[in-house]
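Visitor: Okay, here's the prediction I keep looking at, along with the sequence it came from:
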Amino acid sequence: MKKLARAALCVGAAFAIPAVINAAIARNRHDLGMILPGEEGEYGWLLGRIHYQVRGTGEPLVLVHGIGAGSSSYEFRYNFDALSEHYKVYAYDLPGFGQSERRNQTYTAEMMTLAMMDFLRDVVKEPAHIVASSLSAAHAIQLAARHPELVKSLVVICPTGIQDLVQRVPVLSQLAYGAFSLPAIGTSLYNCIASYSYIEKFLKKNVYYDVAMVTPALVEQNYQSAHRDNGQYVLRSFISGLLNCDVAPVYPHLRQPIFVAWGRQTRITPVEHARDFYEQHAHARLRIFENSRLLPHNEEAEDFNAAVLSFLGSASKPSAIELVSASSLPLSELTAAPELQP
């Protein structure tokens, strides 16, 4: 009986200690309020309320942020204003991210694509240009293929490689989903990934080429966004591969004009992957941003905004195929450049 009692005590401690730590971390979070200078809105979507901001007039342009711990529409803080001078710009937080509702549910690529479709139909209410980052670009491609009437053109930023999304979800990823679903333990795993130190290290190593852009304010923004209630549920789906979708069969057949923006220094989605997106679509335009990693729209915002506006202007004219940009590079030059030192 004593051994059984000790075992029960150990099991209880294994869950109680993480629970106490998780509660302390929860007390350290606060609401950062409005993060983009637009009019706020809430869309009462069936699978969770979606928060968005909108500014400007003209043709609609929808900004869709990438996916990771702490991700939100704050990703477009250097683009929202500039683009809204020419378009009616919407930036929404994906389900499970930012200020959108976070439910204890299984998030999938199909769900993200459906959210994008419903947002366009119910909020935007007319065909729109879409700017989508990283893995969200795959969801935008799927939507453009299924419902071309909703999407006028696509800007995809460092999209996850076509071949990377073909792979099936491995057993280890399925086990990861189970681990993140455990009471207290799952929250503890998430808190490790969403800690100040991990977020800062990840941003410096994988997201930004110029590490000076990783300021304490940026780390704080990502940390607070990550630690809103129930943030772990969408991340467990991401880590488990449930947000991946195979775009290889549909991408070459898209009818919309496409602008592919890539940071030459990107590690997560190497610049060599740009070849697939450039060569597999007859009218794709490619721009390599020399001094960027995963977020060229942050690190080279002025050039990015100008390139997107140029593309959108030409996208409205079917005869204009080439993107006017002196620094658009041929595929033969897609070689890695020396790494910038801190």
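Guide: Noted; the coordinates are in hand.
Visitor: Which residue ranges of this protein form helices?
Guide: Per DSSP state H, the chain carries helices over the ranges 2-27, 80-84, 109-119, 135-146, 171-180, 185-193, 196-202, 216-226, 232-239, 274-279, 296-299, 301-315.
Visitor: Can you check which of these gets nearest to residue 91?
Guide: Of all the helices of the chain, it is helix 80-84 that lies closest to residue 91, at 5.9 Å by CB to CB. C-beta: built from backbone N, CA, C; applies to glycine.
Visitor: sorry, back to before: for the helices of the chain, give me CSV that also has distance to residue 39 and mean neighbour count.
Guide: Output for these, formatted as CSV (distance: least, CB to CB, whole Å; neighbours: other CB atoms under 10 Å):
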stretch, distance to residue 39, mean neighbour count
helix 2-27, 30, 11
helix 80-84, 11, 21
helix 109-119, 16, 21
helix 135-146, 23, 24
helix 171-180, 35, 14
helix 185-193, 32, 19
helix 196-202, 29, 16
helix 216-226, 20, 18
helix 232-239, 26, 22
helix 274-279, 34, 18
helix 296-299, 22, 25
helix 301-315, 21, 19
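Visitor: Which one, of the ones you listed, ends up nearest to residue 102?
Guide: Nearest of the helices of the chain (CB to CB): helix 232-239, 6.4 Å.
Visitor: tell me the mean pLDDT over the closest one?
Guide: Mean pLDDT, computed over helix 232-239, is 91.
Visitor: Which elements pack onto that helix?
Guide: Other helices and strands packing on helix 232-239, by 3 or more CB pairs under 8 Å, 6 or more residues apart in numbering; DSSP states H and E, are helix 171-180, helix 185-193.
Visitor: Can you list the low-confidence ranges for the chain?
Guide: The chain contains residues with pLDDT under 70 at 1-34, 163-174, 316-342.
Visitor: how about a cut-off of 50?
Guide: For the chain, the stretches flagged by pLDDT under 50 are 4-5, 7-27, 318-342.
Visitor: From residue 38, how far off is the one residue sitting closest to the centre of the chain?
Guide: Centroid-nearest residue in the chain, with CA atoms, centre = their mean: residue 66, separated by 0.6 Å. Here residue 66 is placed at a distance of 20 Å from residue 38 (CB to CB, to the nearest Å).
Visitor: ok, now residue 225?
Guide: From residue 225 across to residue 38, the span is 17 Å (CB to CB).
Visitor: swap in residue 229?
Guide: Note on residue 229: its distance to residue 38, by CB to CB, is 24 Å.
Visitor: okay, the two: which has more neighbours?
Guide: Per other CB atoms under 10 Å, whichever of residue 229 and residue 38 has more neighbours is residue 38, with 19 against 11.
Visitor: Let me see the contact set for that one.
Guide: 53-55, 80, 84, 89, 91 (CB atoms under 8 Å, 6 or more residues apart in numbering).
Visitor: tell me the phi and psi of the nearest residue to residue 229 once chain neighbours are set aside?
Guide: In this structure, residue 229 finds its nearest non-sequential neighbour in residue 102, 6.1 Å apart by CB to CB, 6 or more residues apart in numbering. Dihedral pair for residue 102: phi -120, psi 110, per degrees, to the nearest 10.
Visitor: And for residue 102, the neighbour number?
Guide: The tally of other residues near residue 102 (other CB under 10 Å) stands at 21.
Visitor: That one contacts residue 227, doesn't it?
Guide: No - contact between residue 102 and residue 227 fails when scored by CB atoms under 8 Å: they sit 10.8 Å apart.
Visitor: quick one: the residue nearest to residue 92 when sequence neighbours are not counted and residue 154, what's the gap?
Guide: Nearest in space to residue 92, with sequence neighbours left out and distances taken as CB to CB, 6+ apart, is residue 52 at 3.6 Å. Separation of residue 52 from residue 154 (CB to CB): 19 Å.
Visitor: Over to residue 200?
Guide: Distance of residue 200 to residue 154, computed by CB to CB: 32 Å.
Visitor: Also residue 95?
Guide: Residue 95 sits 21 Å away from residue 154, taking CB to CB as the criterion.
Visitor: Looking at the two now, which is surrounded by more residues?
Guide: It is residue 154, of residue 95 and residue 154, that has more neighbours when counted by other CB under 10 Å, with 26 against 23.
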